[in-house]
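Student: Give me a model of this one.
(chains A and B)
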Amino acid sequence: DGGITQSPKYLFRKEGQNVTLSCEQNLNHDAMYWYRQDPGQGLRLIYYSQIVNDFQKGDIAEGYSVSREKKESFPLTVTSAQKNPTAFYLCASSLGRSGANVLTFGAGSRLTVL
Amino acid sequence: DQQVKQNSPSLSVQEGRISILNCDYTNSMFDYFLWYKKYPAEGPTFLISISSIKDKNEDGRFTVFLNKSAKHLSLHIVPSQPGDSAVYFCAASGMYSGGGADGLTFGKGTHLIIQP
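Tutor: Here you go, the predicted model:
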């Protein structure tokens, strides 16, 4: 079955540590995205990538970094510079063409800073 | 500044009745709108969408209405079922303005509760 796999499902981090969240898709989608969800805040865009080896900052990119070395993979690193990293992180992908752009989401990763 | 607004954080509806979820937007460049459904600790799943060239789109029990002049859209669920209890997100993108592929702008969501 085609889909998006995020790992780990739950992650705990001590303050000052960097952590990397994995996102893999087998949908042959060109575009990939990272969103963050906080209670009562909806989904906010962190980074997106429309093509391999290229990515763009979203609305809340500070304290995060990404890479896109393969079409299937778009890992997100939450750095120690992110002041409030505790959140639910969602990865998504789409065909990425202009026009009707429907995003398919993974199951999410919950990061908790101790 | 919120570009997509869902002003009702929660909505309670009796099973079998109609659920109406509302969404307003401010960016006139948005021309493609989507509704997603989300259960706790899961990713959102796509429900239905509408482009600005239409004012209505139906898919089974779900209908989305778009009023461009009012910058308002609504999702109707008829009849409401217990499995519809979830958080519903309205999202928007600019289809012809280089957007779409650069992500969707989401509202804060409405928690729909279907009561037996």
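Student: Strands of chain B, residue ranges please.
Tutor: B:4-5, B:10-14, B:19-25, B:32-38, B:45-51, B:56-59, B:62-67, B:72-77, B:86-93, B:105-106, B:110-115 (DSSP state E).
Student: Chain A contacts on chain B?
Tutor: B:6, B:9, B:32, B:34, B:36, B:41-46, B:49, B:51, B:89, B:91, B:93, B:95-96, B:98-109 (CB under 8 Å from any CB of the partner chain). C-beta: built from backbone N, CA, C; applies to glycine.
Student: Can I get the strands of chain B in CSV including distance to A:Gly2?
Tutor: Compiled in CSV, the strands of chain B are given as follows (distance: least, CB to CB, whole Å):
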stretch, distance to A:Gly2
strand B:4-5, 28
strand B:10-14, 33
strand B:19-25, 29
strand B:32-38, 18
strand B:45-51, 14
strand B:56-59, 21
strand B:62-67, 23
strand B:72-77, 26
strand B:86-93, 22
strand B:105-106, 23
strand B:110-115, 28
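Student: What's the PyMOL syntax to select whichever of the residues of chain B next to chain A are buried?
Tutor: With 16 or more other CB atoms under 10 Å in any protein chain shown as the criterion, this PyMOL line picks the buried residues out of those:
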select buried, chain B and resi 6+32+34+36+43+44+49+89+91+93+95+99+100+101+102+103+104+105+106+107+108+109
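Student: Tell me which helix or strand the spatially most central residue of chain A sits in.
Tutor: Among the residues of chain A, A:Trp34 comes closest to the average C-alpha position under CA atoms, centre = their mean, at 2.7 Å. Counting by DSSP states H and E, the element that carries A:Trp34 is strand A:31-38.
Student: Can you name the secondary structure element that comes next after that strand?
Tutor: Taking DSSP H and E, what comes next after strand A:31-38 is strand A:42-51.
Student: which other residues reach that next one?
Tutor: A:30-38, A:55-61, A:64, A:66, A:68, A:74, A:76, A:89-90, A:96, B:6, B:44, B:89, B:91, B:101-109 (CB atoms under 8 Å, 6 or more residues apart in numbering or on different chains).
Student: Who does the very next helix or strand once past it pair with, and is each partner parallel or antiparallel?
Tutor: Remark: after strand A:42-51, the chain's next helix or strand is strand A:54-57, criterion DSSP H and E. Applying DSSP bridges, strand A:54-57 is found paired with strand A:42-51 (antiparallel).
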